[in-house]
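Participant: need coordinates for the following:
(4 chains)
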Number of protein chains: 2
Amino acid sequence: MAASVDTSNSSESPASALSPGPSFRPLYDQIKILLTQSLVAGEWKPGEAIPSEMELASRFRVSQGTVRKAIDALAAENILIRRQGKGTYVATHTEPNHQYRFLRITPNVGEMVYPTSIFLDVKRGKASAEIARGLDLKAGAPVTSIHRVLLFSAKPVVLDEVVVPSTKFPLLSLEKLEGSGDGKKGSLYSFFETAYGFRMIRAEERIRAVAADAFTAKTLRVAKGTPLLCVDRIAFTYGDKPVEWRRGLCLTENYSYYNELA
Amino acid sequence: MAASVDTSNSSESPASALSPGPSFRPLYDQIKILLTQSLVAGEWKPGEAIPSEMELASRFRVSQGTVRKAIDALAAENILIRRQGKGTYVATHTEPNHQYRFLRITPNVGEMVYPTSIFLDVKRGKASAEIARGLDLKAGAPVTSIHRVLLFSAKPVVLDEVVVPSTKFPLLSLEKLEGSGDGKKGSLYSFFETAYGFRMIRAEERIRAVAADAFTAKTLRVAKGTPLLCVDRIAFTYGDKPVEWRRGLCLTENYSYYNELA
DNA sequence: GAGTGGTCTAGACCACCCC
DNA sequence: GGGTGGTCTAGACCACTCT
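Facilitator: Now for the predicted structure:
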C-alpha cells in the first residue's frame, strides 16, 4: 500500500537524467505514469473498469481533481474510456466503436462501409533491414508475416502485408487467424488483443503512390501498372513500443484515404 | 456590458431545436462559444493576446476555472495558444512554428525540409460541381484558382491547384501573391491571413493514387503515367466554414505523406 | 514585484446508470 | 438510493515573464 507520490517536488531528484531537466513534474503527470504502469503490468485488462476516481485519489493520496486530470489525459489518447455514471474503462479494439479506429480507407461517396478479410498465407522469415529498423529488432530477427486481402462491399480493395516479431506472436498460423471468433470480420488488432494481449494504442503511417506489380494487379483485379496507394504503418503498444509493421497496397478507384488536419 | 451567461441551465430553451436535445450545456461550453464569436467578430486578431483568465472570468461572471476549461478546449484545437507567464494568444499561421502546420509531405529520410513556391498562374472562372459542393457555393459561382509548384530542396515535388471564392478573395493576382512578403517562402495560409483576414483552423483531406498526365509529368519532370498522390483538401475557418479547395499532385519518390493515428 | 498562466485542493452540487 | 463521472466554485500557492 502507501503508494503515495513524490510530493516533495523541489529541485532535487533528476529522476532519469535526460535533458537539463524539467526539474518540475506536475502531480497529475506522475499519476498518469503510475496509471500507465498499471496498464502495462496488466493490473486492469482491456475492457475492464479501473477503480473510481475517489478510490484512486485516496490510493495516491491526492485530490480527486488531480486524478481526474491524469485520467483526462489518458482518455484523450484513447487509452482509457470514460462512461458517465458507470466508470472509467480500459479501451479495447474489441468494442464495435473502436474496432476500426485506425482504418482511414473510406468510400468516395455514400456511407461508411467496413471491410472483411481474406487471409492468403502466414509465413515465417527473417526481418529485412527496413522492418528491423521499424520494429526495433536486430536485422534478421525471426518475424511472421501475414498476407490478406481486404474486401469492401465484397470487392478487393487492399492487399496487406502484416509483419510481427515471431517471439511476441508465437504459434501464429492461418488456422489460428481464421479460427478466431473475429477472423473474417473484425480488425486484426482485436485478434492480437484477445489472442496475445497486445493492445495497439498509436500508429504512424507513410503514404506513397506506386504502380501495381503483376501479383497485386491480379489480386485486386486491375491492370498491371495501375496507380495504388502504398501505406506503410508501424503500430505501437503501451510505452510506445513498436509491435507491428504493415504495408497496404490500396486501389483508390472508389475509395480514398481520409484524414483530418487540425 | 453585463455579458453574463445563461446560468439557469434548466430544461427550458431548446436553443436551436436539433436532435431531441442535449437539454444541458455546460457553462464552459457556453463560454467557449462566446469566445469563438469574439474571434469571428475580429475582437482579437491573429497574433494578439486575449484578456487574462481573471478578466474574462469577471466579464462572464464565472470562476477562473470555468474560463480556463473553455480556453483549454480552444487551445487543444489550435485556435488559441497559451504562453505561461505572458498570456493567451490568438493562433496565427504567420509564426514560424505554425507556418506549415497542415503540411504532411516529408522527406523519406533525413531531417524535415520545407518547400518554396513557384506560382504559375492565377485565373478566374466558375466553380465546378465538385468544388461548389466542397466550398458550399452555388454551382458556377465565381472562383479564383492558383496554380503553383512546390519545390523541396530546389526540386519540384508537388503541383498544386488552389481554388477560393472570388467574392471572398477579391483582387487576387500573381503580382499580389509574389509581391507579398511571404510569397515564395511561407505558406499560402499566412498570406490569406495577412492579406484577407481568413484564418484556417482545420482541414479535411482525401488521398488517392493517380497517373501523371502530360502537363503534370512535364512540370514534375517525370514520365507521363508516373504514379502520384492526389491530395484533395478542403480548409475551414472559424465556424467550420469551408473557404479553400485544393488539389495537390505529389511525386513520392523521395517524399511521402506522413500521418499519425491516435 | 506585479501579472499571467499552471497546479492542487476541498467541497458542493448535477447528470447519468443501475439496482 | 447509492455510486460514478461531470461541472463549478473559491482560494492558496507555484512557475514563468517582463520590467
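
Participant: ok, the closest residue to DNA strand C within the stretch 151-262 of chain A to residue B:196 distance?
Facilitator: Proximity of the stretch 151-262 of chain A to DNA strand C (CB to the nearest atom of the strand) peaks at residue A:262, 18.9 Å away. The way it works is simple: take the backbone N, C-alpha and C, and place the C-beta from them, glycine included. Using CB to CB, to the nearest Å, one obtains 22 Å as the distance from residue A:262 to residue B:196.

Participant: so residue A:234 makes contact with residue A:136?
Facilitator: No. Residue A:234 is beyond contact range of residue A:136, at 9.4 Å (criterion: CB atoms under 8 Å).

Participant: burial of the closest residue to residue A:36 other than its chain neighbours, as a residue count?
Facilitator: In this structure, residue A:36 finds its nearest non-sequential neighbour in residue A:238, 6.6 Å apart by CB to CB, 6 or more residues apart in numbering or on different chains. By other CB atoms under 10 Å in any protein chain shown, 18 other residues sit near residue A:238.

Participant: identify the residues contacting residue A:238.
Facilitator: A:36, A:39, A:40, A:79, A:199, A:201 (CB atoms under 8 Å, 6 or more residues apart in numbering or on different chains).

Participant: chain B versus that one, what's the distance?
Facilitator: 13 Å (CB to the nearest CB, to the nearest Å).

Participant: where does that residue land on pLDDT?
Facilitator: At residue A:238, the model reports a pLDDT of 90.

Participant: and it, backbone torsions?
Facilitator: phi -40, psi 140 (degrees, to the nearest 10).

Participant: contacts only, for the nearest residue to residue A:78 once chain neighbours are set aside.
Facilitator: Computed as CB to CB, 6+ apart, the closest residue to residue A:78 that is not its neighbour in sequence is residue A:91, at 5.6 Å. Neighbouring residues of residue A:91 by CB under 8 Å, 6+ apart: A:46, A:78, A:79, A:80, A:81, A:98, A:199, A:201.

Participant: so how far is chain B from residue A:91?
Facilitator: 11 Å.

Participant: cool, and residue A:75?
Facilitator: 12 Å.

Participant: could you point out the helix or strand that follows the one helix or strand that residue maps to?
Facilitator: In the assignment (DSSP states H and E), residue A:75 maps to helix A:64-76. Tracing the chain past helix A:64-76, the next element assigned as helix or strand by DSSP H and E is strand A:80-83.

Participant: how is chain A divided into domains?
Facilitator: A:27-90, A:96-257 (automatic domain parsing).

Participant: and of those, who's closest to DNA strand D?
Facilitator: Across those, closest to DNA strand D is domain A:27-90 (CB to the nearest atom of the strand), at 3.5 Å.

Participant: and that closest one with DNA strand D, contact?
Facilitator: Yes. Contact of domain A:27-90 with DNA strand D (CB under 7 Å from any atom of the strand) involves A:50, A:52-55, A:65, A:68, A:82-88.

Participant: the helix holding residue A:75 vs helix B:64-76, what angle?
Facilitator: 20 degrees (axes from the mean of the first three to the mean of the last three CA atoms, to 10 degrees).

Participant: need the contact partners of helix A:64-76.
Facilitator: So helix A:64-76 is contacted by A:27-29, A:31-32, A:35-36, A:53-54, A:56-57, A:60, A:80-82, A:88 (CB under 8 Å, 6+ apart).

Participant: centre of the chain versus the one helix or strand residue A:206 maps to, how much separation?
Facilitator: According to DSSP H and E, residue A:206 maps onto strand A:200-211. Centre-to-centre, strand A:200-211 and its host chain are 13 Å apart (CA atoms, centre = their mean, to the nearest Å).

Participant: roughly how far apart are the residue in the stretch 1-150 of chain A that chain B sits nearest to and residue A:53?
Facilitator: As assessed by CB to the nearest CB, chain B sits closest to residue A:102 within the stretch 1-150 of chain A, at 4.8 Å. Taking CB to CB as the measure, residue A:102 falls 29 Å from residue A:53.

Participant: and if you look at residue A:160?
Facilitator: 40 Å.

Participant: check residue A:138 too.
Facilitator: Taken as CB to CB, the span from residue A:138 to residue A:53 is 43 Å.

Participant: can you check residue A:163 too?
Facilitator: In terms of CB to CB, residue A:163 sits 40 Å off from residue A:53.

Participant: excluding chain neighbours, what is closest to the residue nearest in space to the middle of chain A?
Facilitator: Chain A has residue A:200 as the residue nearest its centroid, 2.4 Å off, counting by CA atoms, centre = their mean. Closest residue to residue A:200 apart from its sequence neighbours, by CB to CB, 6+ apart: residue A:235 at 4.4 Å.

Participant: list the buried ones in the helix or strand bottoming out on mean pLDDT in chain A?
Facilitator: None of the helices or strands of chain A scores lower by mean pLDDT, DSSP states H and E than helix A:174-179, at a mean of 89. Buried residues in helix A:174-179, counted by 16 or more other CB atoms under 10 Å in any protein chain shown: residue A:177.
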